[in-house]
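K.L.:
Got a predicted model here, sequence first, then my questions.
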Amino acid sequence: MPEWLIILFRSAGLFIIALVLIRLIGKRQTARLTFFDLITGIVIGVIVAAISLGLVNLTYGLVALVIWTAFPALIYLLSIKSKIVRDIIQGKETVLINHGKVLEDKLMEARYTPEDLLSQLRKKDVFNFADVEFAVLEPTGDVSVLLKKDNQPLTPKTIDLKVGQESVPQTVMMDGVIMDEPLTAMGLNRGWLHTELEKAGVAPENVFIAQVDSAGQLYLDLFDDAIQVPKPKIKDLLFTTLKKCQADCELYALGTKSPEAKKMYGRSSQTLAEVIGDLEPYMKR
């Protein structure tokens, strides 16, 4: 058999074996790598390449490959159970900025220059180190940043604003193909989808992606980007309708001469006002 054919079959087999072994190690290998993960990946790659090219004995190479797969997998399991093992294998976090003060000794310990620190802060959209309360160098090499209170972004919780919960939108069309399972999960069907597409003036075959949010609003992206798709207005229309109903009840209460009708319309207006107050966070999110 020609040498190139032997290498071809050997490489194909090793590719499958390496894929299985990497999966046995776990998803950490494809996540953000620690230094230990990086070394493990490099060594496995070198062993596989050496076996494929016949630079080492096949049996010896496979033994080395199994060892370099089994040991990291075992170490990962031990690290889950023991913090000591985690600290040895993954390393510890290093505080670089504490209470707004840059810790020069910690920078030296992490082999970080001031330029390295400023570069990492810029990656977090922080251009002034004085805005930082804490900065921590993670074992993966990333720098986590906590801004000072007066520099943190404003959130609804900061101003005590209630907002509705948001669920994951469901993709109901992709590449012009309707996906029935997500539609069913939202309690919808193809008839509803076709009706919404007709309202938007869009042909199904021109839809690249279509998603439905938790409020039942349909969002479209078309193959033809020149076509402008109207934004969903279901929540806006519902909120406006409720406000109009409340205003009508108040108007009827003022216009009627019947005491009972006046009381009924007033009570209805108050109930609608409470409903609108409860729904407003969901309608205007």
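P.N.:
In hand now; what should we look at?
K.L.:
C-alpha from now on. contacts and neighbour counts both.
P.N.:
OK.
K.L.:
for the stretch 51-200 of the chain, what spans make up the strands?
P.N.:
94-98, 101-102, 132-137, 143-147, 170-174, 177-178 (DSSP state E, counting those that start in this stretch).
K.L.:
neighbouring contacts of the second one?
P.N.:
Looking back up the chat, that one is strand 101-102. Applying C-alpha atoms under 8 Å, 6 or more residues apart in numbering, the contact partners of strand 101-102 are 96, 133.
K.L.:
Please render the strands of the stretch 51-200 of the chain as CSV that adds mean neighbour count, distance to T241 and mean pLDDT to the earlier fields.
P.N.:
Formatted as CSV, the strands of the stretch 51-200 of the chain follow (neighbours: other C-alpha atoms under 10 Å; distance: least, C-alpha to C-alpha, whole Å; pLDDT from 0 to 100):
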stretch, mean neighbour count, distance to T241, mean pLDDT
strand 94-98, 19, 53, 92
strand 101-102, 17, 55, 92
strand 132-137, 21, 47, 92
strand 143-147, 18, 42, 92
strand 170-174, 21, 27, 91
strand 177-178, 18, 32, 90
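K.L.:
contact partners of stretch 130-142?
P.N.:
By C-alpha under 8 Å, 6+ apart, stretch 130-142 touches 32-35, 90-101, 120, 126, 143-148, 151.
K.L.:
ok so, going back, including distance to P2, could the strands of the stretch 51-200 of the chain go into CSV?
P.N.:
Formatted as CSV, those follow (distance: least, C-alpha to C-alpha, whole Å):
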stretch, distance to P2
strand 94-98, 55
strand 101-102, 63
strand 132-137, 52
strand 143-147, 52
strand 170-174, 47
strand 177-178, 47
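K.L.:
Quick one: closest of the ones you listed to R10.
P.N.:
Minimum separation from R10 across the strands of the stretch 51-200 of the chain (C-alpha to C-alpha) falls at strand 170-174, 39.3 Å.
K.L.:
Tell me the strands beside that closest one, with direction?
P.N.:
Paired strands of strand 170-174, with direction, are strand 177-178 (antiparallel), strand 207-212 (antiparallel) (DSSP bridges).
K.L.:
Okay, buried residues for the helix or strand where S268 lies please.
P.N.:
Here S268 sits within helix 259-283, counting by DSSP states H and E. Buried positions in helix 259-283, judged by neighbour count with 16 or more other C-alpha atoms under 10 Å: 262, 265-266, 268-269, 272-273, 276, 280, 282-283.
K.L.:
Can you tell me which of the residues you listed comes closest to A185?
P.N.:
Y282 (20.7 Å).
K.L.:
just to revisit the earlier point, mind putting the buried residues of helix 259-283 into CSV with pLDDT?
P.N.:
Output for these, formatted as CSV (pLDDT from 0 to 100):
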residue, pLDDT
K262, 82
Y265, 83
G266, 86
S268, 87
S269, 85
L272, 84
A273, 85
I276, 79
E280, 71
Y282, 62
M283, 60
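K.L.:
and which of those is nearest S11?
P.N.:
Y282 (56.4 Å).
K.L.:
hang on, the earlier thing: pick the most deeply packed of the strands paired with strand 170-174.
P.N.:
Compared across the strands paired with strand 170-174, strand 207-212 shows the largest average neighbour count, a mean of 20 (mean count of other C-alpha atoms under 10 Å).
K.L.:
I'd guessed L220 sits against V207; true?
P.N.:
Yes: between L220 and V207 there is a contact at 6.8 Å, judged by C-alpha atoms under 8 Å.
K.L.:
Select, out of the strands of the stretch 51-200 of the chain, the one closest to L254.
P.N.:
Of all those, it is strand 170-174 that lies closest to L254, at 45.9 Å by C-alpha to C-alpha.
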